[in-house]
Structures are given as C-alpha cells and as structure tokens.
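[1] here you go, sequence then predicted model.
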Amino acid sequence: MSKKQVDQNQIKDIAKLAHIPISDIESQQLAKDFAKTLAVVDQLKTADVSRIDSTHQVTAFKNVTREDKVDESLSFTQAEALANAPQQKDGFFLVPKVLTTEDN
Amino acid sequence: MSGNNYQLVCGLEIHSELKTKSKMFCACKNDPFAAGKPNIHTCPVCLGMPGGLPLANKKAIEWTIKIGLALNCQINLFSKFDRKNYFYPDLPKGYQISQHDIPFCHDGFLDTSQGRVRIQRIHLEEDTAKLIHQNNYTLIDFNRSGVPLVEIVTETDIKNAQQAKEYAQKLRQILRYLDVADCDMEKGGMRLEANISLKKKTDPDGFLPNYKVECKNINSFRFMEMAINYEMERQAKLLDQGQTPKQETRGFSAESGKTFSQRAKEEAEDYRYFPDPDLPPIEFEPAEIAQIKQELVELPDQYAARLSEEHQLSLDLAQRLVKNKKRAEFFEQLLILAKREKIESKKIINTLLNKKIDYHLSDDPKNTIEEYKKLNELEEMSPEIITELIKELLQENQDVVEKYQSGKTEVLAFLIGQSMKKIAKKVDVNLVKKVLLDQLNN
C-alpha cells in the first residue's frame, strides 16, 4: 500500500468547496485522516480493468424518460412550497444577500 | 502599438430555454414568465428536496437533437446527464443537472456573411431559480428552476462584434423556425455570453491568447456588440502597456456602455462533475436520428434560396421575406398567387416592402393580390381623347418638339411624363408613347 500525501492546503480547498469552515488544527488532523482513506481507496488501482469498458452507471437502465405532460397534482401550492422556508416574503424565499453573480 | 494591430479571438455561449409544456425533470408547468406569482410551479424535484427523483423530458431531448441537426452537428448516440456541483441559492440541490463530457450534439457550424462559425457542442441542462437582489436580502422564485435549457457553444471563430451579433441573431431565428424556443431576450429566455481576448495580427491561425475575459448575462444583441467593442479597446490598451488583461468575469452596463469586473478567476473552477446516478444514460438508434432529421422544417437560409429561385427574386430580396416563419409563409402564398395571375414577382414584392399597400401577415394573400391589381389597374380612356390631349400638350411645348425633331430624341421621356400628367388617369403608357411618336413624326 503506497502512502498518500495530503497537505493542509488541499484540505482547505476541499473545505471551501464544501462550504465547511474548519480550523488549522482540524485541517492538520483531516490531512492525516484523508491520507489513510485514500490509501484504502488506492487498492482499487490493483484491480485489472484492461478488459472493462468505462462504466457510467450500474443500474443497466437506459432511456428512462417521461412524456412532456404537466401534472399539477404533483406540484406544490405556494404555501406548501414555502412551508419549510426559514424566511419568506411576498411568496418568495428570502435569503441573506448574495453578491456573486449567477452561474450556469 | 495601436488597436489595429490586434485581432479579436471570440467565442459565444448562448443559453436558451426550451418551450416544452412541462419542466426538464418533473411534471411541473414550464411557464416562468407568465406565472404571475412566484413559487407556484414547484415540486420536490425542482425544489431540490431530498428523495426527489428526476425523470427526463423526452421532448426536450428530441428538440435538443433537432437543434443540433439544424446546426449541422454530429449527434452522440450514447449520452448522459452529469452533476455540476457548486453552491448558490438559485440551486437548492447543490448541483445542476447538466452534461459534461458527452453532450447530445457536437461539431456543427452556422454560416454568417463573414464566414463560418464552428459550433463546439450543444448540451441540455436545467435552468436555475430566479434571484431578485434587494438592498439587504435576496428573493428566490423557483418557477424557473428546472426549465429545460440548451447551451450552444461556438469555437473561437468570431472575428468582430458585428459577426457575433449576426451569429446570435441567426441562431435565434433558427430556434424560432424550429418552434422549440421563444428566445425572449428581455425576460431572460435567451442569454448571451461572450469570451473575449485579443491576439496580435501576426500570431498564427488557431493561436489562443493566455487569458480570457467572459462577459456574462447580456440580454440584447446590441449590448453584446457594444460589450465586445468596449472590451477590444480596453484590452488593446492593456496589451499596449505590456500587461496581460486579467482572467475574469465581467458584466455589461447599458447605462455607461462599459463592462465592469464582477469576479476574478484566480483558480480553475472545480465543479467535480460526475454522472448523475438518478438518470440512466440516453441511447439513440441511427434510425431515430434520421427520423428527427426528416421532420426538420425548412430553415431560413434554405427558404430564402428556394423563394429566390422559384420566383426570380434576388437572394437579398428573398432574405428580407423570411425573417420569421409566418412572414415567409405569407410571402410564399402571395408569390404563388402572383405567378398564377402573371404579376411580376419583383414588382409586387417591392410594392409591399415599400409599403404602397397596407398588409398584415395575418391577411389572406388573395386580398393583398386584389389590392395590388386595383392599384395597378388601367383606367379606360378612348384613344381619340388621348390623341387630343397630346396634341394640346405638343402645342404648349413647341420648343421641346423642335428639340426632338432636330435629333434630341432623349426629350421623349420628358414628353411621356408630361403626357401622363395631362391625361391624369392611369392609362397604358405604351399607348401614350405610340400616340406621341405618331404625332412627333408626322
């Protein structure tokens, strides 16, 4: 089993992507834990996959689609949609101001 | 170095919502603009609730293939949906269902008057919720969340702002001909994004600069043209000073006509794409693609070429008739009727385009033909009266008559014009000419 090196900066990048705030001490500990986990996952590399096509999914299903039909019985009312919202205003969900631009 | 020493390197990414009845992955109504109230077309799937299971809209997939075929693309017979992971309040799942490495369509093109623009890929994804930014908070409306959205990405073949505009306008025209998208720019049904950089004119073909500025969420063709021109000037200045423009996302302000920095891209984005395990892959048989191809309507360029050929019109004139499908169909009906009535096609088209006849695309072209005939109808007048009037005219213009008789035959046109004026009725101009010549040569 090869020993994986994971440094604190990598941990901080991952934490940032996951929106999880972590302290310096936590990132040190996590770096060690990640190295162990990756070493376990690395065992997969020993498997012979030379005769296996790349696999995108494992259900063996394909072309599971629906016709283009509206079924309003499956939709929420506005009140139902907003029922779990911590904050709402005039039928909208209300969240703290976001500054960065829309993606997609 | 002046701005003339640089060549624009530009590709476009255009998003367009498809006008299916239902959303992309659920049976909610796809009607974000006319909903009237926020959050009334939602369900566990498009609100991103745990356990919501997406089911792909077959029509949206077929329409994406159709768009690809109309844009001369190759179609991937095997394709799939992937998760694009990022956090933003318009995306409650924490990921957008999109397509990463195997889009439905790839390697197509769209021709413009300034050359071919290659299309790199077309993929299908879900639109996000609409955010309304207020002073101290942000409001979210999920009516738009999950609406089918196609993204059409070009290669960096665009050479100037004018060509970018023409490409985008032609694309919208085609999407509307296909009847798959409304492309309402103002409401955001179609959104433009330009990737802009400059290279030296002496750089080889295919050379890509080491930076790229993305201008996002532009909602009019004119603004895109302005944004590109502004960026070319801004970037040329920086390059002249020996600087490399920053790799960043910029917005465009219609008020100032300038672009402004929105977000610096310090590191490459990390969307951690992976195949969506909730959505099995999509596989097509070649025959199914052939079937969709067969159902393709005639596209504007083909339509114009055919009208030009069948009705002896210049291609330029024919292009003006096919701006949208309804207009093209009206004019084609009109031209067929005109041919039957032996009316010259170019004449009637020019009469209409010059607005000498009031017409609407919803009119019955038969009535328009009748109006045209009325406009051009000759009025009855006996040859004797015509002769009398012309004799009178010649008496009043002895000097001109002398000029004619001394060999200056070019005054004939003047005399014909004066005769028509004196007759003051729409009579056959050939008859007038004949009478005039008889009198002059007597």
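    Yes, it's here.
[2] output the longest helix belonging to chain A.
    In chain A, assigned by DSSP state H, the helix with the most residues is helix A:24-41.
[3] run a quick neighbour tally on residue 20.
    Unless you meant another one, I'm taking chain A. Around residue A:20 there are 9 other residues, counting by other Cβ atoms under 10 Å in any protein chain shown. The C-beta positions use only the backbone N, C-alpha and C, and glycine is treated the same way.
[4] try chain B instead
    Neighbour count for residue B:20, taken as other Cβ under 10 Å: 21.
[5] and the one 10 residues further on, by the same measure?
    Burial measure for residue B:30: 25 neighbouring residues, criterion other Cβ under 10 Å.
[6] state the distance from it to chain A.
    Using Cβ to the nearest Cβ, to the nearest Å, residue B:30 is found at 8 Å from chain A.
[7] what's the answer for residue B:335, then?
    Counting by Cβ to the nearest Cβ, the gap from residue B:335 to chain A is 36 Å.
[8] tell me the pLDDT of that residue.
    Reading off the confidence values, residue B:335 has pLDDT 95.
[9] how about residue B:383?
    What the model reports for residue B:383 is a pLDDT of 84.
[10] OK, contacts around it?
    B:431, B:435 (Cβ atoms under 8 Å, 6 or more residues apart in numbering or on different chains).
[11] ok, now residue B:354?
    Applying Cβ under 8 Å, 6+ apart, no residues qualify as near residue B:354.
[12] do the same with residue B:65
    Contacts for residue B:65 (Cβ under 8 Å, 6+ apart) come out as B:75, B:104-105, B:284, B:289, B:292.
[13] around chain A, which positions in the stretch 101-250 of chain B sit nearby?
    For the stretch 101-250 of chain B, the residues in contact with chain A (Cβ under 8 Å from any Cβ of the partner chain) are B:125, B:127-128, B:131-142, B:149, B:216-217, B:249.
[14] same question for the strand or helix carrying residue B:371: list its buried residues.
    Per DSSP states H and E, residue B:371 falls inside helix B:365-376. For helix B:365-376, burial by neighbour count (16 or more other Cβ atoms under 10 Å in any protein chain shown) applies to B:365, B:368-369, B:371-372.
[15] quick check, distance from the helix or strand following it to the centre of its chain.
    Downstream of helix B:365-376, the first helix or strand assigned by DSSP H and E is helix B:383-396. Centroid separation between helix B:383-396 and its chain, computed with Cα atoms, centre = their mean, to the nearest Å, is 56 Å.
[16] and the angle from the helix or strand that helix B:383-396 is followed by to helix B:383-396?
    The helix or strand immediately downstream of helix B:383-396 is helix B:398-405, counting by DSSP H and E. Per axes from the mean of the first three to the mean of the last three Cα atoms, to 10 degrees, the angle that helix B:398-405 makes with helix B:383-396 is 100 degrees.
[17] returning to that earlier point: the longest helix of chain A and chain B in contact?
    No - using Cβ under 8 Å from any Cβ, we find that helix A:24-41 stays clear of chain B, coming within 15.0 Å at best.
[18] helices or strands up against that helix?
    Counting contacts by 3 or more Cβ pairs under 8 Å, 6 or more residues apart in numbering or on different chains; DSSP states H and E, helix A:24-41 packs against helix A:8-17.
[19] contacts for the helix it packs on?
    The contact list for helix A:8-17, computed with Cβ under 8 Å, 6+ apart, reads A:21-22, A:24, A:27-28, A:30-31, A:34, B:85, B:270, B:272.
[20] lowest pLDDT pick from these?
    Confidence-wise, residue B:270 trails the rest of the contacts of helix A:8-17, at 86.
[21] and the strand or helix carrying residue B:232, how far from the chain's centre?
    Assigned by DSSP H and E, residue B:232 falls within helix B:221-240. Centre-to-centre, helix B:221-240 and its host chain are 23 Å apart (Cα atoms, centre = their mean).
[22] so which of the contacts of residue B:65 is the closest to residue A:53?
    Nearest to residue A:53 out of these is residue B:284 (Cβ to Cβ; 18.3 Å).
[23] nearest residue to the closest one other than its sequence neighbours?
    Among residues not flanking residue B:284 along the chain, residue B:77 sits closest, at 4.8 Å (Cβ to Cβ, 6 or more residues apart in numbering or on different chains).
[24] export the contacts of helix A:8-17 to TSV and tack on neighbour count?
    Output for these, formatted as TSV (neighbours: other Cβ atoms under 10 Å in any protein chain shown):
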residue	neighbour count
A:21	8
A:22	17
A:24	9
A:27	18
A:28	14
A:30	19
A:31	17
A:34	18
B:85	17
B:270	12
B:272	13
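[25] can you count the residues close to residue B:233?
    12.
[26] can you get me a residue count around residue 26?
    In the absence of a named chain, this looks at chain A. 14.
[27] I was thinking of chain B, sorry if that wasn't clear
    By other Cβ under 10 Å, the residues close to residue B:26 number 27.
[28] that one and chain A: what is the separation?
    Noted for residue B:26: a distance of 7 Å to chain A, by Cβ to the nearest Cβ.
[29] ok, now residue B:184?
    Distance of residue B:184 to chain A, computed by Cβ to the nearest Cβ: 17 Å.
[30] equivalent analysis for residue B:68, please.
    Here the criterion is Cβ to the nearest Cβ. By it, residue B:68 lies 17 Å from chain A.
[31] for the stretch 251-400 of chain B, which spans come out with low pLDDT?
    For the stretch 251-400 of chain B, applying pLDDT under 70 flags the ranges B:264-268.
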